[in-house]
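[1] Fold the following.
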Amino acid sequence: MLVGFKGRNHPQQVGKNGAKDQVDDRGTDPEFFAELAALFGGFTLDVAAAAHNAKCEAFYSIEDDGLTQPWSGRVWCNPPYSNLAGWVRKAWSEWGRGECERIVMLLPANRCEQGWWQDHVEPERDREGSPLRTAFLRGRLRFIKAGATEIKPNERPPFGCVLLIWEAA
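    From the prediction side, this is the model:
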(Lines give C-alpha, C1' and ligand atoms only; values in the text may rest on other atoms or scores of the structure.)
Protein backbone atom coordinates (compact mmCIF):
# COMPACT_ATOMS: atom_id res chain seq x y z
CA MET A 1 0.00 0.00 0.00
CA LEU A 2 1.29 3.46 -0.86
CA VAL A 3 -0.51 5.48 1.78
CA GLY A 4 1.72 8.33 2.81
CA PHE A 5 4.15 7.79 -0.05
CA LYS A 6 5.76 11.03 -1.17
CA GLY A 7 7.52 10.84 -4.53
CA ARG A 8 10.47 13.10 -5.21
CA ASN A 9 12.01 14.32 -8.41
CA HIS A 10 15.69 14.02 -9.16
CA PRO A 11 17.59 17.27 -8.36
CA GLN A 12 18.37 17.64 -12.09
CA GLN A 13 14.65 18.07 -12.70
CA VAL A 14 13.95 20.64 -10.01
CA GLY A 15 17.26 22.10 -8.81
CA LYS A 16 17.56 25.85 -8.51
CA ASN A 17 20.99 25.80 -10.12
CA GLY A 18 19.58 24.26 -13.29
CA ALA A 19 21.12 21.55 -15.37
CA LYS A 20 24.67 20.83 -16.27
CA ASP A 21 25.51 21.61 -19.89
CA GLN A 22 26.77 18.08 -20.52
CA VAL A 23 23.34 16.74 -19.58
CA ASP A 24 21.09 19.34 -21.23
CA ASP A 25 23.15 19.71 -24.42
CA ARG A 26 22.04 16.62 -26.30
CA GLY A 27 21.45 16.82 -30.03
CA THR A 28 18.63 15.00 -31.77
CA ASP A 29 19.75 12.09 -33.94
CA PRO A 30 19.96 13.50 -37.51
CA GLU A 31 18.37 10.38 -39.02
CA PHE A 32 15.44 10.55 -36.62
CA PHE A 33 15.04 14.26 -37.26
CA ALA A 34 15.05 13.67 -41.04
CA GLU A 35 12.20 11.18 -40.61
CA LEU A 36 10.22 13.73 -38.59
CA ALA A 37 10.93 16.49 -41.09
CA ALA A 38 9.63 14.28 -43.90
CA LEU A 39 6.56 13.33 -41.87
CA PHE A 40 5.71 16.92 -40.89
CA GLY A 41 6.67 18.71 -44.11
CA GLY A 42 9.89 20.18 -42.72
CA PHE A 43 10.69 22.66 -39.99
CA THR A 44 11.66 26.32 -40.30
CA LEU A 45 12.83 27.18 -36.78
CA ASP A 46 14.72 25.23 -34.08
CA VAL A 47 13.96 27.09 -30.86
CA ALA A 48 16.28 25.26 -28.44
CA ALA A 49 19.57 24.60 -30.19
CA ALA A 50 23.27 25.26 -30.22
CA ALA A 51 25.31 26.06 -33.32
CA HIS A 52 26.76 22.53 -33.28
CA ASN A 53 23.40 20.73 -33.11
CA ALA A 54 20.82 23.03 -34.75
CA LYS A 55 18.37 21.22 -36.97
CA CYS A 56 17.16 24.24 -38.93
CA GLU A 57 18.93 27.08 -40.65
CA ALA A 58 17.06 29.47 -38.36
CA PHE A 59 17.58 28.63 -34.69
CA TYR A 60 17.77 30.09 -31.20
CA SER A 61 20.83 29.23 -29.14
CA ILE A 62 21.13 29.29 -25.37
CA GLU A 63 22.44 32.85 -25.68
CA ASP A 64 19.39 33.85 -27.77
CA ASP A 65 17.09 32.19 -25.21
CA GLY A 66 14.22 30.66 -27.14
CA LEU A 67 11.99 31.19 -24.11
CA THR A 68 12.12 34.96 -24.67
CA GLN A 69 12.00 35.01 -28.49
CA PRO A 70 8.94 34.89 -30.75
CA TRP A 71 8.28 31.60 -32.52
CA SER A 72 6.75 31.28 -35.98
CA GLY A 73 6.38 28.86 -38.85
CA ARG A 74 6.99 25.14 -38.42
CA VAL A 75 8.79 24.88 -35.09
CA TRP A 76 11.09 22.11 -33.83
CA CYS A 77 11.97 21.95 -30.13
CA ASN A 78 14.18 19.48 -28.29
CA PRO A 79 14.33 21.55 -25.10
CA PRO A 80 16.72 21.30 -22.19
CA TYR A 81 15.16 18.69 -19.95
CA SER A 82 16.01 20.72 -16.86
CA ASN A 83 13.17 23.19 -17.56
CA LEU A 84 10.38 21.27 -19.26
CA ALA A 85 7.61 23.30 -17.64
CA GLY A 86 8.98 26.54 -19.03
CA TRP A 87 9.24 25.18 -22.57
CA VAL A 88 5.76 23.64 -22.57
CA ARG A 89 4.25 26.89 -21.22
CA LYS A 90 6.12 28.82 -23.93
CA ALA A 91 4.80 26.49 -26.63
CA TRP A 92 1.24 27.09 -25.48
CA SER A 93 1.85 30.84 -25.42
CA GLU A 94 3.36 30.85 -28.90
CA TRP A 95 0.60 28.64 -30.26
CA GLY A 96 -1.92 31.13 -28.89
CA ARG A 97 -0.21 34.01 -30.74
CA GLY A 98 -1.17 32.32 -34.02
CA GLU A 99 2.22 32.64 -35.75
CA CYS A 100 3.08 28.94 -35.63
CA GLU A 101 1.82 26.54 -38.25
CA ARG A 102 2.98 23.60 -36.14
CA ILE A 103 5.12 22.99 -33.05
CA VAL A 104 6.75 19.61 -32.48
CA MET A 105 8.49 19.12 -29.14
CA LEU A 106 10.56 16.09 -28.10
CA LEU A 107 10.27 15.28 -24.39
CA PRO A 108 11.08 12.46 -21.98
CA ALA A 109 8.08 10.15 -21.62
CA ASN A 110 8.80 9.27 -18.01
CA ARG A 111 7.63 12.52 -16.46
CA CYS A 112 3.85 12.31 -17.01
CA GLU A 113 3.19 12.39 -13.27
CA GLN A 114 4.90 15.74 -12.79
CA GLY A 115 3.04 18.99 -12.34
CA TRP A 116 4.04 20.54 -15.68
CA TRP A 117 2.59 17.54 -17.54
CA GLN A 118 -0.52 17.37 -15.39
CA ASP A 119 -1.13 21.13 -15.69
CA HIS A 120 -0.13 21.87 -19.29
CA VAL A 121 -0.39 18.62 -21.26
CA GLU A 122 -2.86 16.19 -19.74
CA PRO A 123 -5.93 18.48 -19.78
CA GLU A 124 -5.59 19.06 -23.56
CA ARG A 125 -3.74 16.17 -25.14
CA ASP A 126 -5.54 14.08 -27.72
CA ARG A 127 -8.92 15.64 -26.95
CA GLU A 128 -11.40 16.53 -29.67
CA GLY A 129 -10.91 20.13 -30.75
CA SER A 130 -7.56 20.49 -28.97
CA PRO A 131 -4.52 21.54 -31.01
CA LEU A 132 -2.30 19.23 -28.92
CA ARG A 133 -1.70 15.58 -29.60
CA THR A 134 0.91 13.20 -28.30
CA ALA A 135 2.93 10.47 -29.97
CA PHE A 136 4.77 8.15 -27.61
CA LEU A 137 7.81 6.79 -29.42
CA ARG A 138 8.80 3.17 -29.56
CA GLY A 139 12.09 2.20 -27.92
CA ARG A 140 14.69 4.68 -26.73
CA LEU A 141 16.14 7.41 -28.90
CA ARG A 142 19.83 8.04 -29.10
CA PHE A 143 21.24 11.55 -28.73
CA ILE A 144 24.51 13.19 -29.70
CA LYS A 145 26.49 14.29 -26.65
CA ALA A 146 27.92 17.79 -26.49
CA GLY A 147 31.25 17.91 -28.28
CA ALA A 148 30.62 14.67 -30.18
CA THR A 149 30.10 14.32 -33.91
CA GLU A 150 28.41 10.94 -33.86
CA ILE A 151 26.26 8.77 -31.64
CA LYS A 152 28.20 6.02 -29.95
CA PRO A 153 26.76 2.66 -28.83
CA ASN A 154 24.74 2.68 -25.64
CA GLU A 155 24.24 6.46 -25.64
CA ARG A 156 20.58 6.24 -24.84
CA PRO A 157 18.87 7.88 -21.91
CA PRO A 158 17.17 5.57 -19.41
CA PHE A 159 13.70 6.56 -20.64
CA GLY A 160 11.56 6.67 -23.74
CA CYS A 161 10.39 9.85 -25.44
CA VAL A 162 7.15 11.47 -26.50
CA LEU A 163 6.37 14.09 -29.11
CA LEU A 164 4.01 16.91 -28.22
CA ILE A 165 2.48 18.18 -31.45
CA TRP A 166 0.52 21.41 -31.70
CA GLU A 167 -1.32 21.85 -35.00
CA ALA A 168 -4.70 22.93 -36.22
CA ALA A 169 -7.32 20.26 -35.57
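
[2] For the lengthiest strand in the chain, which helices and strands make contact with it?
    The residue-count maximum for a strand in the chain (DSSP state E) belongs to strand 100-108. On a contact count with 3 or more Cβ pairs under 8 Å, 6 or more residues apart in numbering; DSSP states H and E, strand 100-108 meets helix 30-40, strand 73-77, helix 84-97, strand 161-167. For glycine as for every other residue, the C-beta is placed from the backbone atoms N, C-alpha and C.

[3] Reformat these as JSON lines; add mean pLDDT and distance to Ala51.
    Shown next, in JSON lines, are those (pLDDT from 0 to 100; distance: least, Cβ to Cβ, whole Å):
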{"stretch": "helix 30-40", "mean pLDDT": "93", "distance to Ala51": "15"}
{"stretch": "strand 73-77", "mean pLDDT": "98", "distance to Ala51": "15"}
{"stretch": "helix 84-97", "mean pLDDT": "97", "distance to Ala51": "20"}
{"stretch": "strand 161-167", "mean pLDDT": "95", "distance to Ala51": "23"}
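
[4] if you compare the ones you listed, which one is most tucked away?
    strand 73-77 (a mean of 22; mean count of other Cβ atoms under 10 Å).

[5] can you give me the angle it makes with helix 30-40?
    Interaxial angle, strand 73-77 versus helix 30-40 (axes from the mean of the first three to the mean of the last three Cα atoms, to 10 degrees): 150 degrees.

[6] So what are the sheet partners of strand 73-77 and their directions?
    strand 45-46 (parallel), strand 100-108 (parallel) (DSSP bridges).

[7] Now do the longest one against helix 84-97: the angle between them, please.
    Orientation of strand 100-108 against helix 84-97 (the same axes, to 10 degrees) gives an angle of 170 degrees.

[8] Which residues outside the helix or strand following strand 100-108 are in contact with it?
    Next helix or strand after strand 100-108 toward the C-terminus (DSSP states H and E): helix 115-120. Helix 115-120 is contacted by residues Leu84, Ala85, Val88, Arg89, Trp92, Arg111, Cys112 when judged by Cβ atoms under 8 Å, 6 or more residues apart in numbering.

[9] buried stuff in helix 115-120?
    For helix 115-120, burial by neighbour count (16 or more other Cβ atoms under 10 Å) applies to Trp116, Trp117, His120.

[10] How much space separates the first one from Glu35?
    This points to Trp116. 27 Å (Cβ to Cβ, to the nearest Å).

[11] If Cys100 is in a bridge, with which residues?
    Gly73.

[12] Check the burial of Pro108 by counting its neighbours.
    Close neighbours of Pro108, defined as other Cβ atoms under 10 Å, add up to 17.
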